[in-house]
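S.K.: Model the structure of this input:
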Amino acid sequence: MFRAIEPKILYFGTPVVLVSSLNEDETTNIAPISSAWALGWNVLIGLGKGGKTYENLGRHPECVLNFPAPHLWDAVERLAPLTGKNPVPTHKQSYSRFEPDKFAAAGFTPLPAGLVQPQRILECPLQLEGKVVKMIPIGTGDDVVAVEVEILKVHAHPSIIIGEHHINPTAWQPLIYNFRHYFGLGTRLGKSFRAEDSI
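M.R.: Here you go, the predicted model:
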């Protein structure tokens, strides 16, 4: 009835996050990631140690986690083959190119943050400013880390807010990365008994 399979990667549907981090020259780098989960006011993100974001967060432990809506998938995909590292790391040379201005490359607009130095992305309806608490090596190799980010400030577009402090789950839908394909969410099926809104 079931078959044992060996997928190349296990991306089974998580939100896309555009991580803003601070370069050495105080410009902002943007990196799309597809491994993120939240618990309380902490978010855990997965990063490769060979990328610019890992390097930036090790030097300057502040970031903004920008959550794009589904209609921004093509802008996210424009960022995917770009790197902020110059020269391009050997393992990325077959598919990546150096790009110092990721905002322009993706068609995004920079916004100042309130509590951290990296900039926010105007087009993303939800933006979380945070500071890195710790970096934890994961897996069997030495090339991937889980980065724990403490969230300091949440910015939400008025169109996705209900009441004073709640995200409206019918108005806000994150971009989902599901086995290397982009999706939005489907129709709401119901709500948890712990839901705090009256939708």
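S.K.: in terms of contact, does residue 23 touch residue 86 like I think?
M.R.: No. The criterion here is CB atoms under 8 Å, and residue 23 misses it with residue 86 at 10.5 Å. Glycine gets a C-beta too; all of them are placed from N, C-alpha and C.
S.K.: between those two, who's got more neighbours?
M.R.: More crowded of residue 23 and residue 86, by other CB atoms under 10 Å: residue 23, with 16 against 11.
S.K.: And the pLDDT at that one?
M.R.: Note for residue 23: predicted pLDDT of 98.
S.K.: cool, residue 196 as well?
M.R.: 67.
S.K.: now swap in residue 87 and tell me
M.R.: Reported pLDDT for residue 87: 92.
S.K.: just residue 53 next, same as before
M.R.: Model confidence at residue 53, expressed as pLDDT, equals 97.
S.K.: Does it touch residue 31 like I think?
M.R.: Yes. The pair residue 53 and residue 31 qualifies as a contact (CB under 8 Å) at a distance of 4.2 Å.
S.K.: shared neighbours, those two?
M.R.: Residues touching both residue 53 and residue 31 (CB atoms under 8 Å, 6 or more residues apart in numbering): 19, 21, 47, 84.
S.K.: May I ask which two of the residues you listed are separated the most?
M.R.: Greatest spatial distance in the shared contacts of residue 53 and residue 31: 47 and 84, 12.8 Å, computed using CB to CB.
S.K.: Overlap in contacts, the two.
M.R.: Common neighbours of residue 47 and residue 84 (CB under 8 Å, 6+ apart) are 31, 53.
S.K.: Can you give me the distance of residue 4 to residue 180?
M.R.: Distance check for residue 4 against residue 180: by CB to CB, to the nearest Å, it reads 21 Å.
S.K.: Counting only strands, which of the shared contacts of residue 53 and residue 31 make the cut?
M.R.: 19, 21, 47 (DSSP state E).
S.K.: circling back to that earlier point, reformat the shared contacts of residue 53 and residue 31 as a markdown table; add distance to residue 132 and neighbour count.
M.R.: Listed next are the shared contacts of residue 53 and residue 31 as a markdown table, based on distance: CB to CB, whole Å; neighbours: other CB atoms under 10 Å:
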| residue | distance to residue 132 | neighbour count |
| --- | --- | --- |
| 19 | 11 | 25 |
| 21 | 9 | 28 |
| 47 | 10 | 22 |
| 84 | 17 | 22 |
